[in-house]
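Predicted structure and sequence below. I'll ask about it afterward.
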Amino acid sequence: MAQLTQAAKTAGPRHSSAPPARRRIKAGGAGKQQHAGPIAYILLIIAAAISLFPLYWTVVAASHTDTDITQPPTPLLPGSHLVENIKVVWDEVDMTTALINSTVVAGCVAISTVLFATLAGFAFAKLRFRGRNALLMIVVATMTIPPQLSVIPLYQIITKVGWFGHLQAVILPSLVAAFGVFFMRQFLSEALPIELIEAARVDGAHSLRILWHVVFPIARPAMAVLGMLVFVQAWNDFFWPLIALNQQNPTVQVALAGVGAGNHTIDHAAVVTAALVATLPLLLVFAFLGKHIVGGITAGAVKS
């Protein structure tokens with residue numbers, strides 16, 4: 001018996017010391033700082049240069065005259081006609097009104113889509129009700145319908161209610177998107193534990209409080225990504241605003257259609273300048289929200 005006790009004492013520490021050693025090895029490997037090599041930096045610089053070159057050339061073309069950018073050799077350095085071209089754009093179209101209208105339209109569409117898509121996505125992801133899967137399939141199936149099919153009915157509706165040429169004709173048909181509902185449903189299915197909802201209900205929280213204090217904080221990264229995607233899509237939308245609005249009350253894309261088309265010729269420098277002006281607000285949004293967007297995209301990519 002003494003020999004067995006002594007053997008157990010001898011084997012015990014040897015067995016118990018193995019897991020900490022393995023944990024130290026794993027911790028050291030996981031916490032090791034990874035450094036990019038010179039090849040990685042070279043590839044990143046090349047990719048960044050290729051991505052930024054279109055924007056750079058837009059600035060270059062906007063700072064030259066129409067003759068400079070249409071006749072070889074094509075300029076590759078900025079010129080001195082940027083202010084001139086901006087004045088031409090503002091003289092040809094009401095760009096101030098167009099920028100304000102696009103901001104209102106894109107902002108309203110983004111906010112409403114994020115709100116309604118989060119509510120619907122939460123319902124499809126965590127609530128149990130009859131016909132849930134069938135309704136979700138119907139929502140997803142609507143994404144296969146071409147938007148051109150709804151142009152004639154929508155145009156008839158806005159003309160009957162007197163909305164032609166007004167911003168509500170562009171905002172109301174886009175208050176929610178099937179893609180947003182499916183996007184938020186997929187995110188909340190993985191990111192929102194059902195135990196949190198059950199614990200909140202046990203504590204006496206009603207549905208609105210659960211949404212505000214549980215669902216929205218967890219869904220914030222995905223809401224930022226969806227809001228940015230919808231804002232950019234609404235800002236760049238051209239087909240329906242061109243039909244529903246006019247040059248007296250345009251969005252940016254509708255205003256761009258009337259730039260540089262006087263005297264049966266196209267002023268390419270003015271068109272490029274207008275495109276640059278229309279792009280600057282999006283760049284500002286990316287500059288302020290870029291960190292949140294990247295965080296939302298990468299949320300859940302690394303498991304703890």
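It's in. All figures in this text were calculated on a predicted structure; none of them were measured in a lab.

mean confidence score for stretch 86-104?
Averaged over stretch 86-104, pLDDT sits at 90.

Alpha carbons of that stretch, in CSV - could you do that?
C-alpha atoms of stretch 86-104 as CSV (Å, rounded to 0.1, in the frame of the first residue of the first chain):
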residue,chain,number,x,y,z
ILE,A,86,-16.8,73.4,-60.9
LYS,A,87,-18.3,76.8,-61.8
VAL,A,88,-19.4,75.4,-65.2
VAL,A,89,-21.2,72.5,-63.4
TRP,A,90,-23.0,74.8,-61.0
ASP,A,91,-24.0,77.0,-63.9
GLU,A,92,-25.5,74.1,-65.9
VAL,A,93,-27.4,72.3,-63.2
ASP,A,94,-28.6,73.0,-59.7
MET,A,95,-25.9,70.9,-58.0
THR,A,96,-26.6,72.3,-54.5
THR,A,97,-30.2,71.1,-54.6
ALA,A,98,-29.1,67.8,-56.1
LEU,A,99,-26.6,67.1,-53.3
ILE,A,100,-29.2,68.0,-50.6
ASN,A,101,-31.9,65.8,-52.3
SER,A,102,-29.5,62.9,-52.6
THR,A,103,-28.5,63.2,-48.9
VAL,A,104,-32.2,63.3,-47.8
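
element containing the most centrally placed residue in the chain?
In the chain, the residue lying closest to the centroid (Cα atoms, centre = their mean) is residue 229, at 2.3 Å. Residue 229 is part of helix 216-236, with elements assigned from DSSP states H and E.

Residue 151 too?
Counting by DSSP H and E, residue 151 is found in helix 151-160.

List the buried residues of that helix.
Neighbour-count burial for helix 151-160 flags 154, 158 (criterion: 16 or more other Cβ atoms under 10 Å). Any C-beta I mention is one placed from the backbone N, CA and C, and that applies to glycine too.

helix or strand right after that helix?
Later in the chain than helix 151-160, the nearest helix or strand by DSSP H and E is helix 168-171.

got the angle for the helix or strand following that following helix vs helix 216-236?
In the C-terminal direction, the helix or strand that comes right after helix 168-171 (DSSP H and E) is helix 178-191. Using axes from the mean of the first three to the mean of the last three Cα atoms, to 10 degrees, one finds that helix 178-191 and helix 216-236 are set 160 degrees apart in direction.

mind listing what's buried in helix 178-191?
By neighbour count with 16+ other Cβ under 10 Å, helix 178-191 contains the buried residues 178, 179, 180, 181, 182, 183, 184, 185, 187, 188.

if we can go back for a sec, any idea how far residue 163 is from the residue nearest to the centre of the chain?
Distance of residue 229 to residue 163, given as Cβ to Cβ, to the nearest Å: 26 Å.

Do me a favour and average the pLDDT over the helix holding residue 151.
Helix 151-160 shows a mean pLDDT of 92.

Equivalent analysis for stretch 250-269, please.
Per-residue pLDDT over stretch 250-269 has a mean of 79.

Can I get the buried residues of helix 178-191 in CSV including pLDDT and distance to residue 56?
Below are the buried residues of helix 178-191 laid out as CSV (pLDDT from 0 to 100; distance: Cβ to Cβ, whole Å):
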residue, pLDDT, distance to residue 56
178, 92, 37
179, 93, 32
180, 93, 33
181, 94, 38
182, 93, 36
183, 93, 32
184, 93, 36
185, 93, 40
187, 91, 35
188, 91, 40
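
between those residues, which is nearest residue 148?
Distance to residue 148 across the buried residues of helix 178-191 (Cβ to Cβ) is lowest for residue 178, with 16.3 Å.

isn't that closest one right up against residue 139?
Yes. Residue 178 is within contact range of residue 139, at 5.0 Å (criterion: Cβ atoms under 8 Å).

and the next helix or strand after the helix holding residue 229, what does it pack onto?
Downstream of helix 216-236, the next assigned helix or strand under DSSP H and E is helix 239-244. Helices and strands touching helix 239-244, by 3 or more Cβ pairs under 8 Å, 6 or more residues apart in numbering; DSSP states H and E, are helix 151-160, helix 168-171, helix 252-256.
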